[in-house]
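Novice: fold the following, please.
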Amino acid sequence: MQGLQSRLGKPIRLTWFTRELLWPEYTEKEMDAFHLIVLCSASKRVQGAEMSEGGYIQGAGDDSELWSCGLTPKIFWDNRSTLFATGEEDLPAVIAELIGKHHREMGNEDAVLIRPTNNIYIGRSGRGSNSEPAVVGINEERLFDLRINCNAPDAGDTDTSLTEPTTEEDAKALSLGCPSGKLGSRQLRKVLNKVEQFVALHLSRDPSQSLIVTCDNGKDLSAGAILMIICLFYNEEGNFEGPRRGAFINKEYIRQRLAWVISSKHDVNPSRSTLQSVHAFLMKRP
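Specialist: From the prediction side, this is the model:
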């Protein structure tokens with residue numbers, strides 16, 4: 001944070017630019033005292049709708065998965081010239097092409113370690129470290145000791161069970177069977193207890209085991225499952241402590257743990273529905 005403050009040199013001030021064209025009036029002297037960042041929105045701004053009286057912007061960027069067509073900040077900035085030069089009617093096809101190209105180029109991306117832990121990894125279903133498969137039930141290279149796949153297994157895959165594993169390999173792999181999108185985010189809440197049982201069973205025996213959690217895009221459901229794990233099982237130093245049933249968990253506590261995930265993998269973007277599922281599971285525990 002100190003390094004960032006040094007580079008910026010002066011504070012940041014945010015303002016909205018909306019359909020009403022509300023524009024703050026600052027003198028030249030005032031403008032020299034801060035960096036002005038303008039947030040643009042086509043939505044209506046309701047004055048005084050919050051306690052801060054700063055105004056509420058309806059639909060101001062939340063649920064980005066509903067309108068971004070899968071475009072991420074990195075893909076946007078890397079291809080901004082192409083996007084700006086593309087007509088609105090052609091944008092969906094161009095965005096789909098850019099996303100596909102990005103995924104092909106990222107095919108060799110390793111699983112990412114969630115710091116400050118030394119054994120929790122996040123990845124995308126279908127690939128792991130060095131492009132090895134990360135699908136539940138496949139671990140020929142033994143790259144990770146334990147695996148959790150948040151999405152439904154492919155047809156023909158074994159339905160992993162905590163109580164009746166078919167093989168030793170199945171015993172160390174868990175499939176949650178969540179669909180993609182909001183339905184999957186809601187389903188996550190119902191299966192987080194399986195994640196808790198799985199982690200407690202295996203890591204309590206040997207906390208040094210590596211665990212990778214994957215989902216279709218490697219940044220939504222997997223991030224939610226990991227958030228629950230590090231809230232319940234890891235202390236402030238990132239060390240496994242077993243089920244921390246006596247720990248006081250509130251929104252601020254969860255937000256601090258979420259920062260571990262986001263700072264470790266910068267494109268992580270758990271949806272609001274996913275975060276709501278994690279909050280509900282953690283904060284309604286006995």
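Novice: quick one: the strands in the chain?
Specialist: Shown for the chain, the strands assigned by DSSP state E span residues 12-17, 35-40, 45-46, 56-57, 112-113, 120-124, 146-151, 173-178, 211-215.
Novice: for the third one, give the mean pLDDT please.
Specialist: Okay, so that is strand 45-46. On average, the pLDDT along strand 45-46 is 59.
Novice: swap in the fourth one?
Specialist: The average pLDDT within strand 56-57 is 52.
Novice: Leu98: how many residues sit nearby?
Specialist: As a burial measure, Leu98 scores 20 neighbours (other Cβ atoms under 10 Å). Any C-beta I mention is one placed from the backbone N, CA and C, and that applies to glycine too.
Novice: coming back round to it: can you flag the weakest of the strands of the chain by average pLDDT?
Specialist: strand 56-57 (a mean of 52).
Novice: any chance of CSV for the strands of the chain, columns distance to Ser68?
Specialist: Below are these laid out as CSV (distance: least, Cβ to Cβ, whole Å):
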stretch, distance to Ser68
strand 12-17, 19
strand 35-40, 15
strand 45-46, 21
strand 56-57, 17
strand 112-113, 22
strand 120-124, 18
strand 146-151, 20
strand 173-178, 21
strand 211-215, 18
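Novice: of those strands, which is nearest Ser81?
Specialist: Among those, the nearest to Ser81 by Cβ to Cβ is strand 35-40 (19.2 Å).
Novice: who does the closest one touch, helix- and strand-wise?
Specialist: When contacts are defined as 3 or more Cβ pairs under 8 Å, 6 or more residues apart in numbering; DSSP states H and E, strand 35-40 sits against strand 12-17.
Novice: how about the strand it packs on: buried residues?
Specialist: For strand 12-17, the neighbour count (16 or more other Cβ atoms under 10 Å) marks Trp16 as buried.
Novice: any idea how far it is from the chain center?
Specialist: How far strand 12-17 lies from its chain's middle: 25 Å, per Cα atoms, centre = their mean, to the nearest Å.
Novice: same thing with stretch 266-277?
Specialist: Distance, stretch centre to chain centre, for stretch 266-277: 5 Å (Cα atoms, centre = their mean).
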